[in-house]
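Chemist: Give me the fold of what follows.
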Amino acid sequence: MAPEIIRNQPYDGKVDIYSFGIIMYQVIGNCVAYPLLENKKMQMYQFQQKVAEENYRPHFDVDFNASQELKELIEKCWSEKPEDQPIILLIIKNFQFMAFTQLKKKKMQQKMNSVINIS
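Modeler: Okay, here's the model as predicted:
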């Protein structure tokens, strides 16, 4: 739940961007965003207070397998200030750019491997 909802503040579609960031974290990391809450080691009211007042967000462990660019995009999505969160079109553009970059790296690696195999 986005901080502005917890605080009973006016909100708009950016709350969905916040949620999208949390979901991306869970899907890409194949992990639970808030294990203390999930394992009932934190009460819901404590969790909500930490999210709303202490900027409590998931953290990236060393095992979190994602590029730095993707981690930064996720962090922007759950930014404390909704005006700092990207709009959905920017998120899509970022995904397209990351996919293009990965494809370009893969093709370059294939070319390098074929040159090495020829030699």
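
Chemist: alpha carbons only for contacts and neighbour counts from here, please
Modeler: Noted.

Chemist: for the helix or strand encompassing S114, packing partners?
Modeler: Using DSSP states H and E, S114 maps to helix 88-118. Under the contact criterion of 3 or more CA pairs under 8 Å, 6 or more residues apart in numbering; DSSP states H and E, helix 88-118 touches helix 68-77.

Chemist: so who does the residue nearest the centre of the chain touch?
Modeler: What sits nearest the mean C-alpha location of the chain, by CA atoms, centre = their mean, is I74, with 2.3 Å. By CA atoms under 8 Å, 6 or more residues apart in numbering, the contact set of I74 is G21, I22, M24, Y25.

Chemist: wouldn't the last one be in contact with Y34 here?
Modeler: No - taking contact to mean CA atoms under 8 Å, the distance of 10.6 Å between Y25 and Y34 leaves them out of contact.

Chemist: More neighbours: which of these two?
Modeler: Y25 (23 against 16; other CA atoms under 10 Å).

Chemist: distance between stretch 46-53 and the chain's centre?
Modeler: 19 Å (CA atoms, centre = their mean, to the nearest Å).

Chemist: Name the surrounding residues that touch it.
Modeler: Counting by CA under 8 Å, 6+ apart, A2, P3, E4, I6, R7, L37, Y56, R57 sit against stretch 46-53.

Chemist: can you give me phi and psi for the first one?
Modeler: Main-chain torsions, A2, degrees, to the nearest 10: phi -70, psi 150.

Chemist: before we move on, what about the fourth one?
Modeler: Geometry field for I6 lists phi and psi as phi -60, psi -40, criterion degrees, to the nearest 10.

Chemist: How about the fifth one?
Modeler: Taking degrees, to the nearest 10, you get phi -80, psi 0 for the backbone angles of R7.

Chemist: The nearest residue to it once chain neighbours are set aside: neighbouring residues, count only.
Modeler: Leaving out its chain neighbours, the residue that sits closest to R7 by CA to CA, 6 or more residues apart in numbering is A52, at 6.5 Å. The tally of other residues near A52 (other CA under 10 Å) stands at 18.

Chemist: Could you export stretch 79-95 as PDB, CA atoms only?
Modeler: What follows is stretch 79-95, C-alpha atoms only, in PDB (Å, rounded to 0.1, in the frame of the first residue of the first chain):
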ATOM      1  CA  SER A  79      10.000   6.700  -4.300                       C
ATOM      2  CA  GLU A  80       8.600   8.500  -1.200                       C
ATOM      3  CA  LYS A  81       7.400  11.400  -3.300                       C
ATOM      4  CA  PRO A  82       4.900  10.500  -6.000                       C
ATOM      5  CA  GLU A  83       6.300  13.300  -8.200                       C
ATOM      6  CA  ASP A  84       9.600  11.500  -8.300                       C
ATOM      7  CA  GLN A  85       8.000   8.300  -9.500                       C
ATOM      8  CA  PRO A  86       8.100   7.600 -13.300                       C
ATOM      9  CA  ILE A  87       5.000   7.500 -15.400                       C
ATOM     10  CA  ILE A  88       4.100   4.200 -17.000                       C
ATOM     11  CA  LEU A  89       5.300   5.300 -20.400                       C
ATOM     12  CA  LEU A  90       8.800   6.000 -19.000                       C
ATOM     13  CA  ILE A  91       8.800   2.600 -17.400                       C
ATOM     14  CA  ILE A  92       7.900   0.900 -20.700                       C
ATOM     15  CA  LYS A  93      10.600   2.900 -22.500                       C
ATOM     16  CA  ASN A  94      13.100   1.900 -19.800                       C
ATOM     17  CA  PHE A  95      12.200  -1.800 -20.300                       C
END
